[in-house]
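Colleague: My questions are about this predicted structure, shown below with the sequence.
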Amino acid sequence: MRWQGQQLATADASALPGMERLGGFVQSVTTPEFSGMTFHEVLCKSALNHVPSSSAVPFDWTINPYRGCSHACRYCFARGTHEYLELDAGRDFDSQIVVKVNVVDVLRKELARGSWEHEPVALGTNTDPYQRAEGRYRLMPGIISALAESGTPFSILTKGTMIRRDLPLLTDAASSVRVTISTSIAVFDDALQKSIEPGTPTASARLETVRAAAEAGFRVTVFLMPIIPHLTDSIEAIDHALTRIKEAGAHRVVYGALHLRPGAKQWFMQWLEREHPELVSSYRGLYPGATAYASKAYRSWLAKRVRPLMRVHGLDGEGEEDGPRRGPVSGLAARSTVVTTSRGMRAEAAARLF
């Protein structure tokens with residue numbers, strides 16, 4: 001890999017945030033309890049990542065304690081980032097996990113700087129901070145404590161259930177800063193879920209996590225994303241999903257159609273050709289060439305299908321494309337410039353303390 005066989009302290013401008021100097025590599029670790037996986041431990045230079053202003057995402061700062069993700073979702077948009085490490089966006093992304101073992105210490109130093117303005121920070125917007133590796137490395141408790149002690153608001157988006165371990169800590173943090181918890185649940189059919197998201201907990205386990213967070217006092221947003229054309233977009237499938245989300249005590253739902261970005265697209269299409277060859281031609285029409293997003297016609301059709309069902313179930317929510325570019329999205333830590341405007345409840349819902 002890129003950090004092996006190189007000179008120490010050699011700058012690499014194309015490396016992922018926190019890995020610009022290859023001297024940060026510590027060791028690669030394999031253990032029997034994580035069969036087929038390798039953890040590459042590195043010492044990062046930075047913990048807080050500033051999102052470029054050109055990005056369409058609604059937040060300015062993120063923390064990514066891990067690169068790669070054992071959830072192994074076939075469609076994961078972050079797959080392409082592994083290619084920066086000269087690893088592939090397919091199986092390597094699922095099994096070669098980069099761990100920033102010193103991220104808590106670095107974060108505390110960054111948060112202590114006089115220049116830090118305590119802007120909201122989003123976790124889980126690239127790879128999941130509560131993937132299986134977190135059970136071994138336990139980085140999140142230190143990250144949560146550092147953010148709370150510094151007075152920095154934050155959000156967590158996860159497909160994992162391990163966040164339940166940290167609910168007492170998150171509840172304590174919420175007494176001093178805005179804390180937003182969201183979970184992503186895309187597939188409610190167990191067989192399809194194990195095929196398309198083989199490393200994730202079941203939908204039932206994630207819904208129990210929603211329930212636990214709600215009982216702890218958080219108004220949880222569920223990301224019903226991605227809705228997968230021809231597989232999870234029927235009225236029956238959406239109605240079933242919203243029924244279970246409501247029963248779990250979720251406060252809001254954000255929905256959106258499948259994205260197939262470079263890296264993820266090739267890996268997903270290989271899966272589709274193997275598991276659902278009858279859908280390949282339809283997907284080539286929906287996502288032609290290098291197109292990452294489903295057609296506008298499909299997205300409009302999907303919205304007309306989802307919104308009435310959300311009203312039936314009494315669920316507040318929105319589509320991922322409903323707001324303005326870089327506008328707040330429920331469940332994610334909004335930019336502070338948005339939170340302090342007079343736009344009221346919509347802006348506040350994305351980042352305030354619940």
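Modeller: All right, it came through fine.
Colleague: quick one: the closest residue to Tyr75 other than its chain neighbours from Gly124, how far?
Modeller: Closest residue to Tyr75 apart from its sequence neighbours, by C-beta to C-beta, 6 or more residues apart in numbering: Phe268 at 4.9 Å. From N, CA and C alone the C-beta is placed, and that goes for glycine too. Using C-beta to C-beta, to the nearest Å, Phe268 is found at 21 Å from Gly124.
Colleague: Any buried residues in stretch 279-291, and which?
Modeller: For stretch 279-291, the neighbour count (16 or more other C-beta atoms under 10 Å) marks 279, 283, 286-287 as buried.
Colleague: now stretch 102-121
Modeller: 102-104, 106-108, 110-111, 119-121.
Colleague: And it, end to end?
Modeller: End-to-end distance for stretch 102-121, by C-alpha to C-alpha, to the nearest Å: 18 Å.
Colleague: For Leu315, give me its contacts.
Modeller: Contacts for Leu315 (C-beta atoms under 8 Å, 6 or more residues apart in numbering) come out as 242, 245-246, 250, 252-253.
Colleague: on that earlier part again, columns secondary structure on top of the buried residues of stretch 102-121, output as CSV?
Modeller: Putting the buried residues of stretch 102-121 into CSV (DSSP: H, G, I helix; E, B strand; the rest coil) gives the following:
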residue, secondary structure
Asn102, coil
Val103, helix
Val104, helix
Val106, helix
Leu107, helix
Arg108, helix
Glu110, helix
Leu111, helix
Glu119, coil
Pro120, coil
Val121, strand
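Colleague: Which of those sits closest to Arg74?
Modeller: Comparing those against Arg74 with C-beta to C-beta picks out Val103 as the nearest, at 27.6 Å.
Colleague: if I look at the closest one, how far off is Ile143?
Modeller: Counting by C-beta to C-beta, the gap from Val103 to Ile143 is 7 Å.
Colleague: Any chance you could list residues touching both of those two?
Modeller: Shared contacts of Val103 and Ile143, defined by C-beta under 8 Å, 6+ apart, comprise 47, 63, 65.
Colleague: The first one - nearest residue in space that isn't next to it in sequence?
Modeller: Okay, so that is Ala47. Excluding its sequence neighbours, the residue lying closest to Ala47 (C-beta to C-beta, 6+ apart) is Leu107, at 3.8 Å.
Colleague: picking up where we left off before, which members of the contacts of Leu315 are positioned in strands?
Modeller: Secondary structure defined by DSSP state E assigns 252-253 of these to strands.
Colleague: could you flag which of the contacts of Leu315 are buried?
Modeller: Among the contacts of Leu315, those classed as buried by 16+ other C-beta under 10 Å are 242, 245-246, 250, 252-253.
Colleague: ok, so of those residues, who is nearest Leu139?
Modeller: Ala250 (26.4 Å).
Colleague: now His259, which residues is it bridged with?
Modeller: Tyr293 (DSSP bridges).
Colleague: Distance check, it against Val280.
Modeller: In terms of C-beta to C-beta, His259 sits 18 Å off from Val280.
Colleague: Check Thr200 too.
Modeller: For Thr200, the distance to Val280 - C-beta to C-beta - is 24 Å.
Colleague: about what we covered before: in JSON lines: the contacts of Leu315, plus distance to Met310 and pLDDT.
Modeller: Below are the contacts of Leu315 laid out as JSON lines (distance: C-beta to C-beta, whole Å; pLDDT from 0 to 100):
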{"residue": "Leu242", "distance to Met310": "6", "pLDDT": "98"}
{"residue": "Ile245", "distance to Met310": "10", "pLDDT": "98"}
{"residue": "Lys246", "distance to Met310": "9", "pLDDT": "98"}
{"residue": "Ala250", "distance to Met310": "11", "pLDDT": "97"}
{"residue": "Arg252", "distance to Met310": "10", "pLDDT": "95"}
{"residue": "Val253", "distance to Met310": "6", "pLDDT": "97"}
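Colleague: if I pick the closest residue to Ala203 other than its chain neighbours, what's in contact with it?
Modeller: Computed as C-beta to C-beta, 6+ apart, the closest residue to Ala203 that is not its neighbour in sequence is Phe188, at 4.7 Å. Residues near Phe188 by C-beta under 8 Å, 6+ apart: 203, 232, 237, 240-241, 244.
Colleague: Then Phe188 would be within a strand, right?
Modeller: No - Phe188 is assigned coil when assessed by three-state DSSP, not a strand.
Colleague: And the nearest residue to Ala89 once chain neighbours are set aside, how far from Glu278?
Modeller: Spatial nearest neighbour of Ala89, excluding adjacent residues (C-beta to C-beta, 6+ apart): Gly263 at 3.4 Å. If you measure Gly263 against Glu278 using C-beta to C-beta, the figure is 25 Å.
Colleague: These two: who's more crowded?
Modeller: Gly263 (20 against 8; other C-beta atoms under 10 Å).
Colleague: I'm done for today, thanks for sticking with me.
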